[in-house]
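> Take a look and give me a structure for this.
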Amino acid sequence: MIKSSSKDKTPEFKIELSGGSLVPGEINSTVLVFSDSISSCTKYLPSSPAEDESETYEFRLNEGQRKSLWKAIEENDFFQIKNEYVSSETIDNGYYYSIVIRTSTIEKQTMVQNYDLLNTATIINEINLLLPEAFKFEF
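Numbers count the residues shown, from 1 in each chain. The predicted structure is shown next:
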């Protein structure tokens with residue numbers, strides 16, 4: 001597990017979270033979280049088949065948010081979970097998402113489809129605390 005070098009400092013990290021509904025025509029989202037620069041959430045609107053219409057919200061993490069998000073990553077052992085979690089059940093209104101977390105020393109990607117995974121759900125819920133209601137990542 002990646003641990004920060006001191007109690008007061010979290011490592012620099014980047015999170016890429018993308019996904020949405022498996023139902024055609026539904027909204028899909030991409031959230032880019034940078035620990036040290038401007039982050040964004042983009043919702044791709046179903047009104048355009050090519051998904052070229054979108055709405056974007058930009059934000060910057062403060063130190064408390066950085067620490068809380070890194071704590072969620074560490075406490076949920078993100079770097080030790082499997083690369084893929086896919087339910088074998090057929091779900092009519094299912095969802096999918098991919099989450100990638102990078103630091104200067106490690107990169108990990110996990111893909112989830114129609115599967116309740118507490119490790120990633122806790123991290124996504126922490127990200128959603130940073131976003132206004134209209135931009136919350138739905139899963």
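> What is the three-state secondary structure of the residue nearest the centre of the chain?
The centre of the chain sits closest to residue 17, judged by C-alpha atoms, centre = their mean, with a distance of 3.3 Å. Under DSSP: H, G, I helix; E, B strand; the rest coil, residue 17 falls in the strand class.
> Flag every buried residue along the longest helix seen in the chain.
Using DSSP state H to define each element, the chain has its longest helix at helix 63-75. Buried residues in helix 63-75, counted by 16 or more other C-beta atoms under 10 Å: 65-70, 72-73. (Glycine included, C-beta is placed from N, CA and C.)
> So which of those residues is the closest to residue 44?
Residue 44 has its nearest neighbour among the buried residues of helix 63-75 in residue 69, at 23.6 Å by C-beta to C-beta.
> State the pLDDT value of that closest one.
Note on residue 69: pLDDT of 97.
> need the contact list for it.
15, 33, 35, 61, 123, 126-127, 130 (C-beta atoms under 8 Å, 6 or more residues apart in numbering).
> Work out the gap between stretch 25-32 and the centre of the chain.
11 Å (C-alpha atoms, centre = their mean, to the nearest Å).
> Now do the buried residues in that stretch.
Residues of stretch 25-32 classed as buried by neighbour count (16+ other C-beta under 10 Å): 28-32.
> Please put the alpha-carbon coordinates of it into PDB.
Extracted in PDB, the C-alpha atoms of stretch 25-32 (Å, rounded to 0.1, in the frame of the first residue of the first chain):
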ATOM      1  CA  GLY A  25     -29.100   7.700 -24.500                       C
ATOM      2  CA  GLU A  26     -28.400   8.100 -20.800                       C
ATOM      3  CA  ILE A  27     -25.900  10.600 -19.300                       C
ATOM      4  CA  ASN A  28     -22.300   9.500 -19.000                       C
ATOM      5  CA  SER A  29     -19.700  11.400 -16.900                       C
ATOM      6  CA  THR A  30     -16.000  11.800 -16.600                       C
ATOM      7  CA  VAL A  31     -14.400  13.200 -13.400                       C
ATOM      8  CA  LEU A  32     -10.700  14.200 -13.400                       C
END
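> got a list of contacts for that stretch?
The contact list for stretch 25-32, computed with C-beta under 8 Å, 6+ apart, reads 14-21, 39-46, 51, 127, 131, 135, 137-138.
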